[in-house]
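Q: Here is my input; please provide its structure:
(2 chains)
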Amino acid sequence: MTDTQQTPPQPDEPPRRLTRSSTDSVIGGVAGGLGRHLNIDPLAIRITFVILSFAGGLGLIAYLLCLAFIPIDDPNAAPIRWGLARTAGVVLITIAALVVVLPHWFWGPAVPLLVVAGVVVYLLLRIVRDDGGTHLSHVAARIAIGIVLLALAVGGFAAAAAGAALGGGIVVAGLVIACGVGLVGGAFRGGARWLIAPALVLALPLGAVAATDLDLRGTWGDRTFHPVSVAELADGYEMGVGSMKLDLRDVDLPAGSTDLRVEMGMGEIQLLVPDDLCVTTDAEIGVGVVNTGGGDEGGVDVDVEDRQTVDSGVRHLHVIADVGVGAVQVGDRFFDWDGPRDWRGDRFDSLETGTSRAACTETA
Amino acid sequence: MSPRPGFDPASLISGLIVILFGGLLLLDQADVLELRFEYLLPAAFAAVGGILLACGLTGPPRGRS
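A: Got it, this is the predicted structure:
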């Protein structure tokens, strides 16, 4: 017969009181205390505070409130350390600087990105701090490594594409070839297959840039050009990214043919011409749409060559448009019948062709 | 006949493909030729496909000798 051990009745445990932790403390022990009280990893709470701090300073305010109203668990501990004031001061100044220097970033959609970054940082720190033996740590490690690799690939794609589009295409192509040389050389030393990934990350966006003939060098933004005389009319207009509105209605071109080159890396070109002027357009677009009066032609590798017959002696403007990614529109009036007679700010004012095509066959 | 230890044919083939593809892109960037989607897309597919095929057919690398 064996003695059965009975668990002695437990006295009613007093409700846990929320206190700041004096042992798990980075600044004031708020996250440590909250984590202990809620049975949550304090690291997650710290990262949440940091993320919320970028959402209008919410996290910082919440932390300071907790610091002020939640007591410390050690009655003998100093209530506030000098380190806290110093740290809080630095954080406040940093946030103030961010608000002033980068207001759009601070108040903009950066918070979701910060949340993702926070999760990644948490998972990575979790791995570092954990012994790696638990199932959770394995899952966390895989998720974190996957996110990091994905971010690296996306960042590499974007960097390679931007570098190529901003004039560094030869350098990027050289790096691709260097990866290839490294692969060939590494083949005799046990293999260097890891170089395949950076080679493709560099080569594929460069290929996309090359195929679209994308060139982002030049002016960025929305620009409206309105020359009022032939003297003011430039030989060509070029922009990197944005919207180019070129109003030629007040330019009185001389008889004969005048060439005008317009180029855009990524964006739209709208060319408003006089309705009594013969206009022909040759357009080359990597990816996008072109409309010179005969309807939209869109897709990839769009080449439009104007076959309009032009009588000799007429005033003729020949537009040569080159766009990497975007749209070209040439017309002699705004599409809206009851619409405005001029551009309406940042709106896209659709153009159409009325009589300018017919002007090509009218002898001057 | 067993392959030489320390030699990875997949790296060699992949390297040659990458050099060819990079050379094509270099020629385009140097304005020697003008690549368009109709040429570049099949070239990119062929390059990636060739690399995958080389890695798949040769198996994992054998390590250093």
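Q: what about residue A:230, how many neighbours?
A: Close neighbours of residue A:230, defined as other Cβ atoms under 10 Å in any protein chain shown, add up to 11. The way it works is simple: take the backbone N, C-alpha and C, and place the C-beta from them, glycine included.
Q: Mind listing what's buried along stretch A:160-180?
A: By neighbour count, with 16 or more other Cβ atoms under 10 Å in any protein chain shown as the criterion, the buried positions of stretch A:160-180 are A:160-161, A:163-165, A:168-169, A:171-180.
Q: Equivalent analysis for stretch A:202-220, please.
A: Within stretch A:202-220, the residues that count as buried by 16+ other Cβ under 10 Å are A:202-216.
Q: Run through the residues of chain B sitting next to chain A.
A: Contact residues of chain B with respect to chain A, defined by Cβ under 8 Å from any Cβ of the partner chain, are listed as B:6-12, B:14-23, B:25-26, B:28-30, B:34-38, B:40-41, B:43-44, B:47-48, B:51, B:55, B:61-65.
Q: Produce a ChimeraX select command limited to the buried residues of the residues you listed.
A: The ChimeraX selection below is limited to those of the residues of chain B next to chain A classed as buried (16+ other Cβ under 10 Å):
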select /B:7,8,9,10,11,12,14,15,16,17,18,19,20,21,22,25,26,28,29,35,36,37,40,41,43,44,47,48,51,55,61,62
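Q: confidence score at residue 54?
A: Here I'm looking at chain A. For residue A:54, the pLDDT comes out at 74.
Q: The chain in question should be chain B.
A: For residue B:54, pLDDT reads 86.
Q: same check, this time on residue A:69
A: Confidence per residue is given as pLDDT, and for residue A:69 that number is 69.
Q: related to what we said a few turns ago, so which of the buried residues of stretch A:160-180 sit within helices?
A: Using DSSP state H, the subset of the buried residues of stretch A:160-180 located in helices is A:160-161, A:163, A:169, A:171-180.
Q: Am I right that residue A:317 sits in a helix?
A: No - under the criterion used here (DSSP: H, G, I helix; E, B strand; the rest coil), residue A:317 is strand, not part of a helix.
Q: tell me which parts of the stretch 101-250 of chain A are close to chain B?
A: Counting by Cβ under 8 Å from any Cβ, the residues of the stretch 101-250 of chain A lying close to chain B are A:164, A:169-170, A:172-174, A:176-177, A:179-193, A:195-196, A:199-200, A:203-204, A:206-207, A:210-213.
Q: now the strands for chain A?
A: In chain A, strands defined by DSSP state E lie at A:219-225, A:236-247, A:256-272, A:278-291, A:297-304, A:315-331, A:333-334, A:351-352, listed in chain order.
Q: In PDB, list the C-alpha atoms belonging to stretch B:29-43.
A: Backbone C-alpha positions of stretch B:29-43 (Å, rounded to 0.1, in the frame of the first residue of the first chain) are rendered in PDB as follows:
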ATOM      1  CA  GLN B  29      24.300  49.700 -72.400                       C
ATOM      2  CA  ALA B  30      27.200  50.700 -74.500                       C
ATOM      3  CA  ASP B  31      24.800  51.400 -77.400                       C
ATOM      4  CA  VAL B  32      26.400  48.800 -79.600                       C
ATOM      5  CA  LEU B  33      23.100  47.100 -80.000                       C
ATOM      6  CA  GLU B  34      19.600  47.900 -78.900                       C
ATOM      7  CA  LEU B  35      17.800  45.200 -77.000                       C
ATOM      8  CA  ARG B  36      14.000  45.000 -77.100                       C
ATOM      9  CA  PHE B  37      11.600  42.900 -75.200                       C
ATOM     10  CA  GLU B  38      11.100  40.600 -78.100                       C
ATOM     11  CA  TYR B  39      14.700  39.600 -78.000                       C
ATOM     12  CA  LEU B  40      15.500  40.000 -74.300                       C
ATOM     13  CA  LEU B  41      12.500  38.100 -72.900                       C
ATOM     14  CA  PRO B  42      13.400  34.800 -74.500                       C
ATOM     15  CA  ALA B  43      17.100  35.400 -73.700                       C
END
